[in-house]
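Undergrad: Give me coordinates for this.
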Amino acid sequence: MAEFIMKRLVSEAGRSDEFEIASAATSTEEIGNSVYPPARRKLAEHGINCEGKTARQLRRDDYAHYDLLIGMDSYNIRNMQRMCGGDSEGKIHMLLDYTNRPGDVADPWYTGNFDATYRDCLEGCRELLKHCP
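TA: Numbers count the residues shown, from 1 in each chain. Here you go, the predicted structure:
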C-alpha cells in the first residue's frame, strides 16, 4: 500500500520525475502475486490504482540502487539488513520513524484492519516526503 500512496503523494506534489518508488518483499510467500485483494480494495476506495503490480523479493543490489529503503516494521528492518549485508550507508529506515509516533505500521495480514494500515502508510509517506529535499 505504501508504494502506491507514496506515488500518489509525489505525483500530487509535481515531483514524480525526482523519484523512483518501488516495493519489494522480505519474504517469499507472495512473490509473483498481485496486490492482496483487501489492500487493493482499500487503495481503490481512495482512488489509488495498483493494477499490474506483482510482488518481488528485495535483492542485495537494491541497496546500491536506491537512496532509501523503507521498512514497515521491525521484522522487515531486520530482514532488510540481513538481505542487504548490513546498512553501512544508513539507508534503511522504518516508515513511521518519520512521524511523531515511530514504530511498526499496523500489519493487516494479521489484524485484518486495512483502515489502520492505510492511515499509517499515508501519515508515514506524507512525513517522508517532507524529508526529501
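
Undergrad: Give me the buried positions along the lengthiest helix in the chain.
TA: For the chain, the helix with the greatest residue count under DSSP state H is helix 114-131. For helix 114-131, burial by neighbour count (16 or more other C-beta atoms under 10 Å) applies to 114, 117-118, 120-125, 128-129. Placement of C-beta: from N, CA and C, glycine included.

Undergrad: Return the helix or strand in the chain with minimum mean pLDDT.
TA: When the helices and strands of the chain are scored by mean pLDDT, DSSP states H and E, helix 108-111 comes last with a mean of 88.

Undergrad: what helices or strands is that one leaning on?
TA: helix 114-131 (3 or more C-beta pairs under 8 Å, 6 or more residues apart in numbering; DSSP states H and E).

Undergrad: list the helices and strands the longest helix of the chain packs on?
TA: Looks like helix 114-131 contacts helix 2-12, helix 37-45, helix 108-111 (3+ C-beta pairs under 8 Å, 6+ apart).

Undergrad: I'd like the distance from the second one to the chain centre, please.
TA: Once both centres are worked out by C-alpha atoms, centre = their mean, to the nearest Å, helix 37-45 turns out to sit 15 Å from its chain's centre.

Undergrad: swap in the shortest one?
TA: In terms of C-alpha atoms, centre = their mean, the gap separating the centre of helix 108-111 from the centre of its chain is 16 Å.

Undergrad: Could you do the longest one as well?
TA: Its chain's average C-alpha position is 10 Å from that of helix 2-12, according to C-alpha atoms, centre = their mean.

Undergrad: Need the residues that contact it.
TA: Under the contact criterion C-beta atoms under 8 Å, 6 or more residues apart in numbering, helix 2-12 has outside partners 16, 18-19, 21-23, 43, 48-50, 53, 70, 72, 95, 105, 118, 121-122, 124-126, 128-129.
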